[in-house]
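Engineer: Pasting the sequence and the predicted coordinates here, then a few questions.
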Amino acid sequence: MSDDTKQAYWRANLRLLAWCLSIWFVVSYGFGILLVEQLNQIKIGGFMLGFWFAQQGSIYVFLLLIFFYSWRMNQLDRQYNVHED
């Protein structure tokens, strides 16, 4: 693998990681702390939405992001022809 390909692969990995962490930050900190009062006006299943995001929603989003990151990294590995030896 050439140095340019390695750098492109690393940049793609960092970009993906930055997006995933940004989404997780917005969901956990933004929805669970900053926007909790506005989201608490909405009730789902008897629970206020802001409370749900603070207690469980951010965990579910984190788990989804782990699976998404794994799936997307497999695509990047194939795209940049990265093999495990």
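Structural biologist: Perfect, I can see it now.

Engineer: hey, let's count contacts and neighbours off CA atoms from now on
Structural biologist: OK.

Engineer: so who does residue 58 touch?
Structural biologist: The neighbourhood of residue 58, defined by Cα atoms under 8 Å, 6 or more residues apart in numbering, consists of 24, 27, 28, 32.

Engineer: check contacts around the first one.
Structural biologist: Spelled out, that is residue 24. 58, 61, 62, 65.

Engineer: taking the residues you listed one by one, which sit in helices?
Structural biologist: For the contacts of residue 24, membership in helices holds for 58, 61, 62, 65, with DSSP state H as the criterion.

Engineer: Against residue 71, how distant is the last one?
Structural biologist: The one in question is residue 65. Counting by Cα to Cα, to the nearest Å, the separation of residue 65 from residue 71 is 10 Å.

Engineer: between these two, who's got more neighbours?
Structural biologist: Set residue 65 next to residue 71 and count neighbours by other Cα atoms under 10 Å: residue 65 wins out with 18 against 11.
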